[in-house]
Structure formats: C-alpha cells, structure tokens
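Student: Just need the structure, nothing else, for what follows:
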Amino acid sequence: MRTKVFTVLTCLVLVASMGGLAFAGNDAPAKAESSATNLVGFGLALGLAIAAFGGALGQGKAISTAVDAVARQPEAGGRIQTMMLIGVVFIETLVIYMLLICFMWGGKVV
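Tutor: Numbering: from 1, shown residues only. Predicted structure coming up:
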C-alpha cells in the first residue's frame, strides 16, 4: 500500500513539473517578476493535484465505509446512502474551491 501511494505521488509531482515544458519555446523573461508568476502557476497546479488526490482518497474511504455499513445493516441502507452522498458532496466541494482559486489566480500567471 505504501509503495502505491509513493508511486502515485511521484507521478503527480513529475506531471506537475513537466507543465513548464509547454512554454519552453519562449525567450528569456522580459521582467524580473516572470519567475515569480511561474512559481505561482506551479503552486496552483500542485495545489490542485493535491486537492484532487486528497478528495479522491476521502471519497474512496467514505464510500467503502458506507458499503461496509450497509453490508452490516442492510435495513439502514437508504439512510446510510443519503448520508454518504452528502459527505461526498462536501468532499467534492473542497476540490471545486481549489479549482476556483486556480481560475482566479490563473489570470495572473502569464
């Protein structure tokens, strides 16, 4: 399990670090603040990747726990499913907040 998490995190870091290669054709930055904006872009991409990864882990844990609870007590399945869906919506809302932050700050990264 630990090696899977390490492998996924390593892949996420590698993918996030390759984003600058898309702009490799540009000449040297004309302003001194361009390197700072590149770091903001990298930080936004990394933050969104971490938020999505954390949200996926949280949703997986919530769903697996709900399925386990329904397996133990099938007559409470409807209530458990409702509570699980509310929890998954709250988890996904946090990821969407990070996406909105990326949209708001993304215009400053040019």
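Student: does residue 50 belong to a helix or a strand, and which?
Tutor: In this structure, residue 50 sits in helix 34-72 according to DSSP states H and E.
Student: average pLDDT for that helix?
Tutor: Averaging pLDDT along helix 34-72 yields 88.
Student: what comes up buried for the helix or strand that that helix is followed by?
Tutor: As assigned by DSSP H and E, the chain's next helix or strand after helix 34-72 is helix 77-106. Under the neighbour-count criterion of 16 or more other CB atoms under 10 Å, helix 77-106 has 80, 84, 87, 88, 91, 95, 98, 102 buried. Quick note: C-beta positions are derived from backbone N, CA and C, even for glycine.
Student: min pLDDT across those, which one?
Tutor: Among these, residue 102 has the lowest pLDDT, at 87.
Student: could you measure that residue against residue 41, distance?
Tutor: 9 Å (CB to CB, to the nearest Å).
Student: thinking again about what came up before, the helix holding residue 50 versus helix 77-106: what angle between them?
Tutor: Between helix 34-72 and helix 77-106, the angle comes out at 180 degrees (axes from the mean of the first three to the mean of the last three CA atoms, to 10 degrees).
Student: change the start of the numbering to 419 and stick with it
Tutor: Understood, numbering begins at 419; the last thing we discussed is helix 452-490.
Student: for helix 452-490, which positions count as buried?
Tutor: Quick answer for helix 452-490 (16+ other CB under 10 Å): 459, 462-463, 466-467, 469, 473, 476-477, 480, 484, 487-488.
Student: Show residues contacting stretch 505-514.
Tutor: Contact with stretch 505-514 is made by 469, 470, 472, 473, 476, 477, 480, 481, as judged by CB atoms under 8 Å, 6 or more residues apart in numbering.
Student: that older thread, can you add distance to residue 525 and give the buried residues of helix 452-490 back as JSON lines?
Tutor: Below are the buried residues of helix 452-490 laid out as JSON lines (distance: CB to CB, whole Å):
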{"residue": "459", "distance to residue 525": "11"}
{"residue": "462", "distance to residue 525": "11"}
{"residue": "463", "distance to residue 525": "15"}
{"residue": "466", "distance to residue 525": "15"}
{"residue": "467", "distance to residue 525": "20"}
{"residue": "469", "distance to residue 525": "19"}
{"residue": "473", "distance to residue 525": "24"}
{"residue": "476", "distance to residue 525": "29"}
{"residue": "477", "distance to residue 525": "29"}
{"residue": "480", "distance to residue 525": "34"}
{"residue": "484", "distance to residue 525": "39"}
{"residue": "487", "distance to residue 525": "44"}
{"residue": "488", "distance to residue 525": "45"}
